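Novice: sequence plus the predicted model coming up.
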Amino acid sequence: ALTAATGVDALMHSMEAFFVPHADAVAEGMTDEAIATSEMYAIQGMTLIRDYLPRAFHNGSDMVARMALQRASLYGAKAFAKGSLGGVHATAHAIGSEYHLHHGSAILRMTGPVLEYNESAATSGSALERQIADVSSVMQGGNTSGEPLAEVLRSFLVQFHLPMGLADLTDSVAPSVFAKAV
């Protein structure tokens, strides 16, 4: 479970860094070349996690998979140069402190709800819509199913048999989580 939870945390480092708007990165002083490098690291990190997290989870002694995940984690950290983390981490920090959850477990729980919200907010033809499509393609090995990214990720994450979403915590989690997250 720890392997899966920390792998999902690393996945979201890359994914959230990829979603940082170009204008925000420029406002932080990044050049177009530096932004492209950051996005390349994010894509490589997501790809490595897609390919090797299942292997490491199902065979903890697979050192090739574990080394690939360490590299993916490094790439996610390098992708952070583009900007701060997003809604998944903000809300995960809040539920983690509220319910004393391992950080990666909290990330896993918030991935679906936050991505559903982001997808609903993406306007047709927007940069966010293109970024979502790009990440969906990465997570599907270059294929595009037309499924929402939240569903693509759920299909990937379900193999780890860890709780997703908030339904089992409490009905009143949303107000306290969102108050802490902002």
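Specialist: Yep, that arrived. Numbers count the residues shown, from 1 in each chain.
Novice: name the nearest residue to residue 133, ignoring sequence neighbours.
Specialist: The spatial neighbour of residue 133 that comes closest, neighbours along the chain excluded (Cβ to Cβ, 6 or more residues apart in numbering), is residue 144 at 7.0 Å. Yep, even glycine has a C-beta here, placed from its N, CA and C like the rest.
Novice: right, and the one you found touches residue 136 too?
Specialist: Yes - counting by Cβ atoms under 8 Å, residue 144 touches residue 136, with 6.6 Å between them.
Novice: what about these two, which has more around it?
Specialist: residue 136 (22 against 11; other Cβ atoms under 10 Å).
Novice: let me see the contact set for the residue nearest to the more buried one when sequence neighbours are not counted.
Specialist: Counting by Cβ to Cβ, 6+ apart, residue 136 lies nearest to residue 149, which is 4.6 Å off, once chain neighbours are set aside. Shown in contact with residue 149 (Cβ atoms under 8 Å, 6 or more residues apart in numbering): 115, 119, 132, 135, 136, 139.
Novice: now the last one: how far from residue 28?
Specialist: It stands for residue 139. Distance, residue 139 to residue 28, using Cβ to Cβ, to the nearest Å: 27 Å.
Novice: which one of these two is surrounded by more residues?
Specialist: Counted by other Cβ under 10 Å, residue 139 and residue 28 do not tie: residue 139 has more neighbours, with 20 against 14.
Novice: rewinding a little: the residue nearest to residue 133: what secondary structure?
Specialist: coil (DSSP: H, G, I helix; E, B strand; the rest coil).
Novice: for it, report the pLDDT, please.
Specialist: On pLDDT, residue 144 comes in at 77.
Novice: kindly report the same for residue 177.
Specialist: The model's pLDDT for residue 177 equals 64.
Novice: swap in residue 159?
Specialist: Reported pLDDT for residue 159: 94.
Novice: count of neighbours near it?
Specialist: So residue 159, with other Cβ under 10 Å, has 12 neighbours.
Novice: and for the one 10 residues further on?
Specialist: Residue 169 is surrounded by 15 other residues when neighbours are defined as other Cβ under 10 Å.
Novice: and it, how far from residue 77?
Specialist: 29 Å.
Novice: tell me, what residue is most central in the protein?
Specialist: The chain has residue 12 as the residue nearest its centroid, 2.1 Å off, counting by Cα atoms, centre = their mean.
Novice: and that one, what does it touch?
Specialist: Contacts for residue 12 (Cβ under 8 Å, 6+ apart) come out as 85, 88, 89, 107, 111.
Novice: I'd say the second one and residue 108 touch.
Specialist: No - taking Cβ under 8 Å as the contact criterion, residue 88 and residue 108 are not neighbours in contact, 9.4 Å apart.
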